[in-house]
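1. Fold the following, please.
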Amino acid sequence: MPILNRAAEMQDEITEWRRHLHSNPELLFDVHETAAFVEEKLKAFGCDDVVTGIGRTGVVAVIKGRNGGEGKTIGLRADMDALPINEITGKSWASKTTGKMHACGHDGHTAMLLGAAKYLAETRNFDGSVAVIFQPAEEGGAGGDEMVKDGMMERFDIEEVFGMHNMPGLAVGQFATRQGGIMAATDEFTITIKGRGGHAAMPNQTVDPIAIGAQIVSSLQLIASRNVDPLESVVVSVTKFNAGNAYNVIPEEALLAGTVRTLDADVRALAEKRISQIVNNVAQAHDAEASIHYHRGYPVTYNHADQTDFSVSVAAEISGADHVDENIAPTMGGEDFSFMLEARPGSFIFIGNGDTAGLHHPAYDFNDDIIPLGVTYWVKLAETSLARP
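-> Numbering: from 1, shown residues only. Presented below is the predicted three-dimensional model:
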């Protein structure tokens, strides 16, 4: 199953859409211009139903098949938001807005799904319906969760849902995925240690929150090395340590913050429990007070077995089995498509972006050469899924 001729024919047009979106990045839920652009295109394509404001600023369009849409509906999802980064690519289509940049390829994801929507609306070579989902606020805003909570799955009768993300370093023409956890749960913690300040030359008269905090940082690393099965994955990283403002003063208070990444629900619960125990016990041992705020973020992005096998088969028909890695190692980055996979069975796949700068880097740019491949994947996924009994 080669690249669709129509997808190749549309490449220049889709590239123009992508570069327009790249030049005009928007953050989180504030994607009003992007959503309006998407809405305009979907209506022009003749989609049967175009609905805005799902999950605050999300857009969903339904394309009914040749049988009038009777039967199964699958969802195809792309994300729309950018990142708070200053772009350094120097491209003619670089961001026009200081401090905002499409550094994760969501412009490409949106453009490819728009291209697939145009093709599917033209041909309707399937039974049932396709819901194309354009989501805001993937980058830390949990827009996927907002769309699910807004009743998207029920409103559009979505039975299965699929996502795709570009991957720098994976060659153009290649796909990669895996059953089970493919991306990590992303939790955050903030620790406040209250001691007793004083003169740095008389530490015996103080309760030093910096020394206590340093001990907590070291002890937290034992969660991975001594509490969790070596065959399981967990990352506990302290990324902030703020205390004091003078050379000769031991401060009253220290603040620590960081992130926890896991691929298993039990490991996630264990890490949260051990962080609380370590913080409180170390502080108590040194006569300090400590409090911890633990926030559970995105859950594990968990690929369902049947849908993952199906997505692998579609990718293999397009690129060849030797260009599809069906057991890629999980990444400890997070992805809020996880909320949709909790609501419905589905799968998340990576498409190679080639030898480019990494995601979230100011020199990153989406590779327009992969547009026909991504459009073909979406189209064949929909057509094949909606031809299954």
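2. alpha carbons only for contacts and neighbour counts from here, please
-> Fine.
3. show me what contacts the closest residue to residue 368 other than its chain neighbours?
-> In this structure, residue 368 finds its nearest non-sequential neighbour in residue 15, 6.2 Å apart by Cα to Cα, 6 or more residues apart in numbering. With Cα atoms under 8 Å, 6 or more residues apart in numbering as the criterion, the residues that contact residue 15 are 111, 368, 371.
4. For the last one, list the residues it contacts.
-> When contacts are counted by Cα under 8 Å, 6+ apart, residue 371 touches 7, 11, 14-15, 108, 112.
5. residue ranges for the strands of the stretch 101-250 of the chain, please.
-> Remark: strands of the stretch 101-250 of the chain, listed N- to C-terminal, are 129-135, 158-168, 175-176, 180-183, 185-194, 198-199, 234-243, 249-250; assignment by DSSP state E, counting those that start in this stretch.
6. does residue 346 really touch residue 161, like I thought?
-> Yes. Taking contacts as Cα atoms under 8 Å, residue 346 lies within contact range of residue 161: 4.7 Å.
7. Report the set of residues contacting both of the two.
-> Where contact means Cα under 8 Å, 6+ apart, no residue is in contact with each of residue 346 and residue 161.
8. Could you pull up the contacting residues of residue 17?
-> residue 111.
9. so what's residue 163 bridging to?
-> Partner residues in beta bridges with residue 163, using DSSP bridges, are residue 77, residue 348.
10. what's the burial count for residue 213?
-> 25 (other Cα atoms under 10 Å).
11. Just the pLDDT for it.
-> Looking at residue 213, its pLDDT stands at 98.
12. Pretty sure it sits against residue 251.
-> No. Assessed by Cα under 8 Å, residue 213 is found out of contact with residue 251, at 12.0 Å.
13. how near is the closest residue in space to residue 302 that isn't next to it in sequence to residue 166?
-> Excluding its sequence neighbours, the residue lying closest to residue 302 (Cα to Cα, 6+ apart) is residue 181, at 4.4 Å. Remark: distance between residue 181 and residue 166 (Cα to Cα, to the nearest Å) = 18 Å.
14. and these two? which has more neighbours close in?
-> In this view residue 181 and residue 166 are compared by other Cα under 10 Å, and residue 166 has more residues nearby, 25 against 22.
15. Would you list the phi and psi of the nearest residue to that one once chain neighbours are set aside?
-> Counting by Cα to Cα, 6+ apart, residue 166 lies nearest to residue 351, which is 4.7 Å off, once chain neighbours are set aside. Backbone geometry at residue 351, expressed as degrees, to the nearest 10, gives phi -120, psi 130.
16. so how many other residues sit close to residue 351?
-> The burial metric for residue 351, expressed as a neighbour count using other Cα under 10 Å, is 24.
17. thinking again about what came up before, out of the contacts of residue 15, flag the one nearest to residue 257.
-> Proximity to residue 257 was ranked across the contacts of residue 15 by Cα to Cα; first place goes to residue 111, at 36.7 Å.
18. Let me see the confidence value for the closest one.
-> Here, the pLDDT recorded for residue 111 equals 98.
19. Would you mind confirming that it makes contact with residue 18?
-> Yes. Counting by Cα under 8 Å, residue 111 touches residue 18, with 5.2 Å between them.
20. which of these two has more neighbours?
-> residue 111 (28 against 24).
21. any idea how far residue 220 is from that one?
-> Relative to residue 220, residue 111 is positioned 43 Å away (criterion: Cα to Cα).
22. what sits against residue 244?
-> Neighbour list for residue 244: 250-254 [criterion: Cα under 8 Å, 6+ apart].
23. Can you convert these into a markdown table and add a column each for distance to residue 82?
-> Rendered in a markdown table, the data for those read as follows (distance: Cα to Cα, whole Å):
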| residue | distance to residue 82 |
| --- | --- |
| 250 | 41 |
| 251 | 39 |
| 252 | 39 |
| 253 | 36 |
| 254 | 33 |
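24. sorry, back to before: list just the nearest of the contacts of residue 371 to residue 84.
-> Looking at the contacts of residue 371 and their distance to residue 84, the nearest is residue 108, at 17.5 Å (Cα to Cα).
25. Can you tell me the closest non-neighbouring residue to that closest one?
-> Counting by Cα to Cα, 6+ apart, residue 108 lies nearest to residue 18, which is 5.6 Å off, once chain neighbours are set aside.
26. is it true that the one you found lies in a helix?
-> Yes. When classified by DSSP: H, G, I helix; E, B strand; the rest coil, residue 18 is found to be part of a helix.
27. any idea of the pLDDT on it?
-> If you check residue 18, the pLDDT there is 98.
28. Surely it touches residue 107?
-> Yes. Contact status for residue 18 versus residue 107: in contact at 5.5 Å, counting by Cα under 8 Å.
29. So which residue is smack in the middle of the protein?
-> The geometric centre of the chain, computed from its C-alpha atoms, lies nearest to residue 335 (Cα atoms, centre = their mean), at 2.5 Å.
30. if I read this right, it contacts residue 297, doesn't it?
-> No. Counting by Cα under 8 Å, residue 335 does not reach residue 297; the two are 9.9 Å apart.
31. what pLDDT, on average, does the one helix or strand residue 7 maps to get?
-> Using DSSP states H and E, residue 7 maps to helix 5-9. Confidence over helix 5-9, taken as the mean pLDDT, stands at 95.
32. Contacts for that helix next, please.
-> With contact meaning Cα under 8 Å, 6+ apart, helix 5-9 is reached by 115, 119, 371-373, 375-376.
33. buried stuff in that helix?
-> Applying a neighbour-count criterion of 16 or more other Cα atoms under 10 Å, one finds 7-8 buried in helix 5-9.
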